[in-house]
Every structure is written in C-alpha cells, then in structure tokens.
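**Q** Sequence and predicted model, in that order:
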There are 2 protein chains.
Amino acid sequence: MSSAFIALDWGTSSFRAYLLNRDGTVQETVTAPDGILAVKDGNFDAVLEGHIGKWDMKLPIMASGMITSRQGWVELPYVACPAGLRSIAAAVHLHTSKLGRKIYFVPGISTRGRDGAPDVIRGEETQVFGATEGGSEHFVTPGTHSKWITVKDGMITGFSSYMTGEVFALLKTHSILGKLMTGDMASPSAFERGVRAGLKDPAGLLHNIFSTRTLALFNEMPADHLSSYLSGQVIGTEIAHAIAENAVGAQYRILATPSLGEHYMTAMKTAGLTVSYGAPDVAVIGLQRIAVAAGLLP
Amino acid sequence: MSSAFIALDWGTSSFRAYLLNRDGTVQETVTAPDGILAVKDGNFDAVLEGHIGKWDMKLPIMASGMITSRQGWVELPYVACPAGLRSIAAAVHLHTSKLGRKIYFVPGISTRGRDGAPDVIRGEETQVFGATEGGSEHFVTPGTHSKWITVKDGMITGFSSYMTGEVFALLKTHSILGKLMTGDMASPSAFERGVRAGLKDPAGLLHNIFSTRTLALFNEMPADHLSSYLSGQVIGTEIAHAIAENAVGAQYRILATPSLGEHYMTAMKTAGLTVSYGAPDVAVIGLQRIAVAAGLLP
C-alpha cells in the first residue's frame, strides 16, 4: 500500500518522524536527538529535509510538540480547554516549507488552575488524543515537567503541570542535598520510603527534603540511597496533590515507555492507585486522528 | 569596668566576636566575612587571632554556630530536644587554642520530625536562648535554611528546618522559571499574591510555581515581578506548613534584622499571624546566658 501521511513528533530534545499508510500502518520511522533546542538559527527546513528528504514531497505532514512553541518553527497560540479533536483540528496551522512540503502544525492547549493561573501543554495533547478510549480518563505524562491530564468523552477538560523532574535535578545537582549523595544506585526501598513521606505530608516538601541530608548525617540512610529517597519524596508529593480532586477509584494511564515511566508506575502503585501504561505509539495515533478530524485523511 | 568574657558567633558565612563586661555590656565588636567556609586548611587559630588578637588571652570565649559542625573547628554531637540552658551548658566543650585561649564550644540541637527523621540546628539555639522570655514561644530564623523553633518555659521542645531560601535561589538561578525574569525589582503586590497562593495550596508547590512561567507567557504578570512572586510562593508554602500544628493565636518572633527578616514579616502578617522582631543582639545574650549556666560568669 502506498504512503499517505507523515506524522511528526518534534519536541524539545528529540525528533521523531513516521511514514504511514492510509490505514495507519507505520512504514518507516526516523528518530534523532535533533530536538528544537538543537536546531541552529531556526534552520528547521534543513533539519527536516536531512531526516525525511527521501519521503514523498506531496505527503501531508502533521506535526506537534514544542515545534509550535516560541522557540520552535511556527509559534501557535494555545487552544483553551475543554478541547477535543474537533477544536484542535480546526486550529491546525498550515505552513509550506521552502521545498513545498505542506506541514500542518498542531497547537498546544491551555487551561486555568484552581488559582486562576494559566497552565499549558504542547505535544501531550496529541498523545492523549491517541490514547483516549472514551468516558472519564486520567493520563500522566512523566518528564521534566510532568502533566496530569483529565479527559471526559474524548475532550481534554483540564490538566496540571508539575515541575517535579526539574526540581529533583536541581536539588541533586546544585543543592546541599546533593553533596552527601554518592553513586547512582537505585534503591527501591529508599524510593518507596520517599514516596510515602511525600504522600503523607505533601505540604511539607520544603521541610521534608531536608531529611535527605539529616538521615545521612545521622548514618540512618546509606549515601548511595539518598538520590532514590529524594526522587521518591518529590514524586510522592506530586502524586498526593495531583490526585486530591479526583474520584476515589479513578484509573490512571502513564503515557511513557516503561523505562521512562517506571518511577511513576512504582510510586502510583505505592499510593494505591489503579494504573497502567498507555500504548507506546500514542503520539502517532494522535497525529493520525487529528489528520482525520482535519479532513486530511479519510 | 574590665572585660570579663568574649562571645563568638561563628557561622557559615560570617564571623562576629564581642568583648563584654561582667554585666553584659558590649565593649567592642569585630565582624568579618570570615565564615567557616572562608577559612583555609582548618586554620581557625590564625583567623581568630587575626580578629581578636588584641583582646586579653585570659578571657573565656563562648562560641556557637557552624564552627562546631563537621566543616568547623571542633565537631560536636548534637544535644537532643528538649534542651534548655542547663543541658546545653553541660554539653559545652572546652578547647584550648594554640596560643592558650580557652574556647567553650556550644553544641547544636537535634530533634525528630513527625516522620521520625532527624532535624538539626547549630547557632539558632543560642539566638533562642538569648531571646526567650518564658512561657510558650515560637521563633523563626530566616536564612538559606529557615528554622521554626518552639520553646516552652525556656526549653527548646522542637523545631523544623525549611530549605526555602535555597530552593528559591535554585529556581531563580537554574530553572526555567528564572529565564523569563528580568531585573530584580521588588514588587510588594506580586510577593503578596505569591504568599497567598502558597498559603492556600501548600501541597501544590511543584505545580503552583509553574505559574511563574505561564503568567509571563500570557502577559499577565510583568517580567520584573516574577522573582517577587516566586519568593512569595515558596515562603507562603513554608508558613502554611510551619504553623499547621500550632495553636491559633500563637505569637511569633523573627530572629533577624528587619532587613533580613522583612520578607518573613510581610508574609507572616499576610497569613494573619501575630509577629514581631526579636532583639538584634540575641546571639550575644544567648552566649552570655550559656556562660552563666556553665559557671563561667556569675
């Protein structure tokens, strides 16, 4: 069967392009570390052709991720929640590359938190549109900034960003807590202890993380367990807050490979949640569904 | 009146020595940026003599602060809570300097948090012993790691450390939140907004701080207000947790100069707390009281 469509997932730190049949079968895949931050002088055309130059110029490209951010190729405004396939498809932006490729850029989504402040996603909405199966759903996308996304009947109704990954990296690399850490041995028991501490007292994060130092000072935790303990604390703190307003018995899906989502899977199970992994190719499915909603695919 | 005693407050980043009369009047003061981290190769003797060499060799010196930590001159174990003047005085450690000065080192204090993890102070106990007036008291010492210290009839019964100052500096200097900040203009309104956000939802810190980015992205807060807003968020979050188990109507004293304690004063008033500053010389008074309890002064 001939190719019909190119799906492009272009994020901060990675480039992933997929050549698909009309029925959605992936024929070829290109992945590269050429995230948007690695593209010099806005030369997105050249990077794109360098990776998919051999693919048919006439095929429509559906692209999402940080490629539509201020640091990306074309900055698109956010579509406000609630947002479903239809509103996203209506806001898709057609851009023609220098060589004449038609690129349909997918916008990110914005919402307002309980405090009225804005919150944003770019790329995660595409994963969710690829993963949604209907009804009430809760998705988690781990990462530097994790996102907890609530979906009702295929519509994204709200979400929250958590800077957990970035805060952990800062504490480990630059704070006094990192000074006593040795090695990078993963300790499942220290991680779980940290998760439970975070779950129990999420409002006390600024205090509780200090125990990463004092437990070592008092020889009550091995130095090579401290990193796992701290990681557990911040993730446990995140989970406690993220699930606070959800119904008891809610089911969660982690949209990440098991290697990337492992910490969240462990921590969420420790929190007693019902949780599973989404399919690995949800971004491709999402781009395809948006293309169908936009009338680019039948 | 002749000199009777030298009080030495030697911390991480500063050196403060006081020459006192028998009645506690300060005759001379030496302050220098020679905190223990600035002392090379453990050469504390030379730094001390460089600053107080002209003071009588026979006077007893009472010293507290990080000078008794692992990175200091003599590492002393912590005295466990509850701890009052008597138990601290009993644990004072006499060290004779190379030139024959008698230095009495004051140990720090340890406690256990609600989660069973250790917590520690070194130096703040001396400030508290200088400030205590009896009854139930609550003290706050702002800093890189702030401490909330509870006192009952002159005994330190417990305390909690908060890494607020360090976390704020990390977020501002190294995180994505700092990238949009311009200038260092203090905005009282943005600070108060941040404090209220932290007070309202302390468990959501890892989420709420992301609004320092999104409010700027959405042009809802000027870039030069972001630093104040973030500072308010972390301090408000700290306060919400620190006061959670205290009685309504508790009175708080901030042990810091108004220039250093200003943010806490503003934030604690925003939280509706009754708060005042302790006297500026509480460390000297504390060292003197410990000296009396140790029998070095009448």
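**A** Yep, that arrived. Numbers count the residues shown, from 1 in each chain, chains lettered A, B, ... in the order given.
**Q** okay, now A:Ser110: neighbour count?
**A** 20 (other C-beta atoms under 10 Å in any protein chain shown). To be clear about C-beta, it is placed using only N, CA and C from the backbone, and glycine gets the same treatment.
**Q** same thing with A:Asp115?
**A** Neighbour tally, A:Asp115, other C-beta under 10 Å: 15.
**Q** A:Gly158 too?
**A** 18.
**Q** isn't it right next to A:Thr111, touching?
**A** Yes. Using C-beta atoms under 8 Å, A:Gly158 makes contact with A:Thr111 at a distance of 5.1 Å.
**Q** which regions of chain A sit below the pLDDT cut-off?
**A** Along chain A, segments meeting pLDDT under 70 span A:1.
**Q** Run through the helices of it in chain order.
**A** A:44-52, A:85-90, A:124-131, A:164-174, A:176-179, A:188-200, A:205-208, A:211-217, A:226-242, A:258-270, A:282-293 (DSSP state H).
**Q** what about those helices, which gets the closest to chain B?
**A** Among the helices of chain A, the nearest to chain B by C-beta to the nearest C-beta is helix A:211-217 (3.5 Å).
**Q** For that closest one, buried residues please.
**A** For helix A:211-217, a neighbour-count test (16 or more other C-beta atoms under 10 Å in any protein chain shown) marks A:Ser211, A:Thr212, A:Arg213, A:Thr214, A:Leu215, A:Ala216, A:Leu217 as buried.
**Q** ok so, going back, which residues are in contact with each of A:Gly158 and A:Thr111?
**A** Shared contacts of A:Gly158 and A:Thr111, defined by C-beta atoms under 8 Å, 6 or more residues apart in numbering or on different chains, are found at A:Cys81.
**Q** What residue in the stretch 1-150 of chain A comes nearest to chain B?
**A** Counting by C-beta to the nearest C-beta, the stretch 1-150 of chain A gets nearest chain B through A:Ala117, at 3.5 Å.
**Q** which residues does the closest residue to that residue other than its chain neighbours contact?
**A** Once flanking residues are discounted, A:Ala117 sits nearest to B:Ser211: 3.5 Å by C-beta to C-beta, 6 or more residues apart in numbering or on different chains. Neighbouring residues of B:Ser211 by C-beta under 8 Å, 6+ apart: A:Gly113, A:Asp115, A:Ala117, A:Pro118, A:Asp119, B:Ala197.
**Q** Would you confirm that the third one contacts B:Thr214?
**A** Spelled out, it's A:Ala117. Yes. Here A:Ala117 reaches B:Thr214: they are 6.0 Å apart, a contact under C-beta under 8 Å.
**Q** how about the residue of the stretch 1-150 of chain A closest to chain B, what does it touch?
**A** Residues near A:Ala117 by C-beta under 8 Å, 6+ apart: B:Ala197, B:Asn208, B:Ser211, B:Thr214, B:Leu215, B:Glu220.
**Q** quick one: furthest residue from the center of chain A?
**A** Residue farthest from the centre of chain A, counting by C-alpha atoms, centre = their mean, is A:Phe218 at 37.9 Å.
**Q** and the residue nearest the centre of chain A, how far is that from A:Ala242?
**A** In chain A, the centroid-proximal residue (C-alpha atoms, centre = their mean) is A:Thr141; its distance is 4.0 Å. As judged by C-beta to C-beta, to the nearest Å, A:Thr141 and A:Ala242 stand 12 Å apart.
**Q** can you check A:Pro118 too?
**A** 18 Å.
**Q** higher neighbour count, those two?
**A** A count of neighbours by other C-beta under 10 Å puts A:Ala242 above the other of A:Pro118 and A:Ala242, at 26 against 19.
**Q** Distance to B:Lys172 added to the contacts of B:Ser211, as TSV?
**A** Shown next, in TSV, are the contacts of B:Ser211 (distance: C-beta to C-beta, whole Å):
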residue	distance to B:Lys172
A:Gly113	22
A:Asp115	20
A:Ala117	18
A:Pro118	20
A:Asp119	21
B:Ala197	17
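**Q** From the residues you listed, which land in strands?
**A** The members of the contacts of B:Ser211 that map onto strands under DSSP state E are A:Pro118, A:Asp119.
**Q** Looking at the contacts of B:Ser211, which is nearest B:Ser3?
**A** Closest approach to B:Ser3 among those (C-beta to C-beta): B:Ala197, at 51.6 Å.
**Q** Who are the contact partners of the closest one?
**A** If you count contacts by C-beta under 8 Å, 6+ apart, then B:Ala197 has A:Asp115, A:Ala117, B:Asn208, B:Ser211, B:Gly232, B:Gln233, B:Gly236 around it.
**Q** now swap in A:Ser64 and tell me
**A** By C-beta under 8 Å, 6+ apart, the contact list for A:Ser64 reads A:8-10, A:105-106, A:122-123, A:125-126, A:283, A:286-287, A:290.
**Q** Return a ChimeraX selection command for the buried portion of these.
**A** Selecting only the buried entries of these in ChimeraX, with 16+ other C-beta under 10 Å as the criterion:
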select /A:8,9,10,105,106,122,123,125,126,283,286,287,290
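**Q** Now tabulate the contacts of A:Ser64 in JSON lines and tack on distance to chain B.
**A** As requested, the contacts of A:Ser64 are exported to JSON lines (distance: C-beta to the nearest C-beta, whole Å):
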{"residue": "A:Leu8", "distance to chain B": "24"}
{"residue": "A:Asp9", "distance to chain B": "21"}
{"residue": "A:Trp10", "distance to chain B": "19"}
{"residue": "A:Phe105", "distance to chain B": "18"}
{"residue": "A:Val106", "distance to chain B": "18"}
{"residue": "A:Arg122", "distance to chain B": "11"}
{"residue": "A:Gly123", "distance to chain B": "16"}
{"residue": "A:Glu125", "distance to chain B": "16"}
{"residue": "A:Thr126", "distance to chain B": "20"}
{"residue": "A:Ala283", "distance to chain B": "22"}
{"residue": "A:Gly286", "distance to chain B": "23"}
{"residue": "A:Leu287", "distance to chain B": "24"}
{"residue": "A:Ile290", "distance to chain B": "23"}
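**Q** ok, stretch A:138-156 near chain B or not?
**A** Yes. Using C-beta under 8 Å from any C-beta of the partner chain, stretch A:138-156 reaches chain B at A:His145.
**Q** From the chain's centroid, how far away is that stretch?
**A** Between the centre of stretch A:138-156 and the centre of its host chain there is 8 Å, according to C-alpha atoms, centre = their mean, to the nearest Å.
**Q** Likewise for stretch A:231-238?
**A** Relative to the mean C-alpha coordinate of its chain, stretch A:231-238 is positioned 17 Å out (C-alpha atoms, centre = their mean).
**Q** Now A:Ala38. Nearest residue, chain neighbours left out?
**A** Going by C-beta to C-beta, 6+ apart, A:Ala38 has A:Ser13 as its nearest residue, at 7.6 Å.
**Q** was I right about that neighbour contacting A:Leu37?
**A** Yes. Here A:Ser13 reaches A:Leu37: they are 6.5 Å apart, a contact under C-beta under 8 Å.
**Q** count of residues packed around A:Trp55?
**A** Based on other C-beta under 10 Å, the number of other residues close to A:Trp55 is 18.
**Q** List the buried residues in stretch A:67-82.
**A** In stretch A:67-82, counting by 16+ other C-beta under 10 Å, buried: A:Ile67, A:Thr68, A:Ser69, A:Gly72, A:Trp73, A:Leu76, A:Tyr78, A:Val79, A:Cys81, A:Pro82.
**Q** Can you name the two of these that sit furthest apart?
**A** The span of the buried residues of stretch A:67-82, defined through C-beta to C-beta, is set by A:Trp73 and A:Pro82 at 27.1 Å.
**Q** ok, back up a step: of the helices of chain A, which approaches B:Ala186 most closely?
**A** Per C-beta to C-beta, nearest to B:Ala186 of those: helix A:205-208, 21.5 Å.
**Q** A:Asp153: how many residues sit nearby?
**A** By other C-beta under 10 Å, 12 other residues sit near A:Asp153.
**Q** which non-adjacent residue is nearest it?
**A** Spatially, and ignoring its direct neighbours in sequence, A:Asp153 is nearest to A:Gly134 (6.1 Å; C-beta to C-beta, 6+ apart).
**Q** Cool, thanks, signing off.
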